[in-house]
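Colleague: sequence plus predicted model, see below.
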Amino acid sequence: MPNLVILGAQWGDEGKGKITDYLAKESDMVVRYQGGDNAGHTVVIGDQKYKLHLIPSGILYGNVPCIIGNGVVLNPKSLIEEIKYLEDLGISLDSLMISDRAHIIFPYHIEIDRLEEEARGKKKIGTTVKGIGPCYRDKVERTGIRICDFEYLDSFEEKLRYNIRRKNDFLTKYYEADPLDEDKIVKEYIGYLNKLKKYIVNTQPIIRKAVNEGKKVLFEGAQGTLLDIDFGTYPYVTSSHPISGGIPIGTGLSPYDLEKSLGVVKAYTTRVGKGPFPTELHDETGDYIREKGFEYGTTTGRPRRCGWLDIVMLNYSRDINGLTTMAITKLDTLSGLDKLKICVAYELEGKKIDYFPSSLETLSKCKPVYIEMDGWKFEDIEKANTYEELPENAKKYVEKMEELTGINAGIVSVGPKRSETFIREKLFI
Ligand code: IMP
């Protein structure tokens, strides 16, 4: 069973795209299991930058089967745009497969996401306004429309018209918004789904067969552990399960199929959107990290909040995901700083704690307890061609992360290019 889970161990944006791409080359199949086009993965190959939202990074290797699993919520319009974007760059989409069990995002989901965010005022979640939450809500409420519904066009149209009327009722009466154009949506979506028809398939037996045959299957998580609907900083989370527990549900495998779990960890912490963030920096060091690390959203362009590495959170993430290895990314961003801090515990009402609290009120009362380390102020990390060539203090920082988490750093990345990635452990068996 040489399959491998790769997921964000923090609040997303850990640089998973690059690491996934690196491993995708070695994979026989790459599978997305949750989220939607709220995700943004940037992959740099040579001088070419690719921005992916829904399609697994394996697509950049031509014949690696790439699956959008049933746990994903799919915006067909944005998928068609992504397909076109890749085709224009000469990438073949022949190996793309979309689960017929995935739920579809419609314009009413996006409109509701927007209006609800507006109505929350100061309590806004800071969503990507891609309709993710409202689509998952319909799924759980059992009123969602799945891709397989499209096979029976009459009933698909009937369900869609019913939903649009219901949502229009809500939009006009509750938000006093303009109603959405029913006929236009129906026509547009039939058009989109017709275009995507050739990619639609029941993906569960395909993934099962690959796993049974001992193929190297890579499960690609979007967002991050702290954005998980159950284990994240609720309600400032996304509406899916980015954690490894999301894989059986989002693909149809069993929990016993999962093997190695690689957590992608940024050498510091960032988050977008609202919610408590114990190690957040509100000073010039935070600004320095933001500018040096170009910490702006791939999907929304929003500036990310930046702070020191948080081991309490990382160990929580290790335990939830069963992390067996870390990929440490963006170590180069910390270059030039005199001193670095790592949060090793929280202080809560005068007591030291080492667990991640469930309640946001409690979390916002937690003060980070730091250890301090020397930085590598004048050394040029980008010049290193191997891990061994990294500045001494950079290696000490990595080793401290390993010591504090008890997990090896199997991959260390010091820049966006493939050549700036040091592989220290064979990840696929
Ligand atoms: P939603 O997923 O659009 O509903 O947004 C919910 C929360 O998840 C917000 O705080 C978003 O900023 C965050 N979020 C969603 N997708 C990503 C991502 O790919 N990276 C980082 N944060 C994300």
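Modeller: Received the coordinates, thanks.
Colleague: can you pull the contacts of D28?
Modeller: If a contact means C-beta atoms under 8 Å, 6 or more residues apart in numbering, then D28 has 64-65, 210, 215-217 as its contacts. Yep, even glycine has a C-beta here, placed from its N, CA and C like the rest.
Colleague: correction: I353
Modeller: Taking C-beta under 8 Å, 6+ apart as the test, what I353 contacts is 312, 345-347, 366.
Colleague: of those residues - the most surrounded one?
Modeller: Neighbour tally across the contacts of I353 (other C-beta atoms under 10 Å): the maximum, 24 neighbours, falls on Y346.
Colleague: apart from its chain neighbours, what residue comes closest to the residue in the stretch 251-400 of the chain that the ligand sits nearest to?
Modeller: The ligand sits closest to G273 of the stretch 251-400 of the chain, with a gap of 2.3 Å, by C-beta to the nearest ligand atom. Distances taken as C-beta to C-beta, 6 or more residues apart in numbering place G126 nearest to G273, at 2.9 Å, with adjacent residues excluded.
Colleague: wait, a helix at the one you found?
Modeller: No: G126 is assigned coil when assessed by DSSP: H, G, I helix; E, B strand; the rest coil, not a helix.
Colleague: wait, it sits on G297?
Modeller: No: using C-beta atoms under 8 Å, G126 makes no contact with G297, being 10.2 Å away.
Colleague: find residues that contact each of those two.
Modeller: Contacts common to G126 and G297, judged by C-beta under 8 Å, 6+ apart, are V272.
Colleague: enumerate the residues of the stretch 151-300 of the chain near the ligand.
Modeller: 222-223, 227, 236, 238-239, 272-273 (C-beta under 6 Å from any ligand atom).
Colleague: could you say which helix or strand holds the residue nearest to I423 when sequence neighbours are not counted?
Modeller: Distances taken as C-beta to C-beta, 6+ apart put I411 closest to I423, at 5.8 Å, once the chain neighbours are dropped. Assessed by DSSP states H and E, I411 sits inside strand 408-413.
Colleague: can you list the strands that that strand pairs with?
Modeller: strand 325-329 (parallel), strand 421-423 (antiparallel) (DSSP bridges).
Colleague: those strands: which one's closest to F231?
Modeller: Closest to F231 of the strands paired with strand 408-413, according to C-beta to C-beta: strand 325-329, at 18.2 Å.
Colleague: tell me the mean pLDDT for that closest one?
Modeller: Averaging pLDDT along strand 325-329 yields 97.
Colleague: hmm, back to that, indicate which one of the strands paired with strand 408-413 is closest to N75.
Modeller: strand 325-329 (27.2 Å).
Colleague: rewinding a little: so the residue of the stretch 251-400 of the chain closest to the ligand versus K187, what's the distance?
Modeller: Plainly put, G273 is 34 Å away from K187 if you go by C-beta to C-beta, to the nearest Å.
Colleague: more crowded one of the two?
Modeller: Ranked by neighbour count (other C-beta under 10 Å), G273 and K187 place G273 first, with 21 against 12.
Colleague: which residues of the stretch 301-429 of the chain fall in helices?
Modeller: 311-321, 360-365, 392-405 (DSSP state H, counting those that start in this stretch).
Colleague: dump these into CSV; add distance to the ligand and mean pLDDT as well.
Modeller: Shown next, in CSV, are the helices of the stretch 301-429 of the chain (distance: least, C-beta to the nearest ligand atom, whole Å; pLDDT from 0 to 100):
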stretch, distance to the ligand, mean pLDDT
helix 311-321, 14, 98
helix 360-365, 13, 96
helix 392-405, 21, 97
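Colleague: relative to D13, which of those is closest?
Modeller: Ranking the helices of the stretch 301-429 of the chain by proximity to D13 (C-beta to C-beta) places helix 311-321 first, at 14.3 Å.
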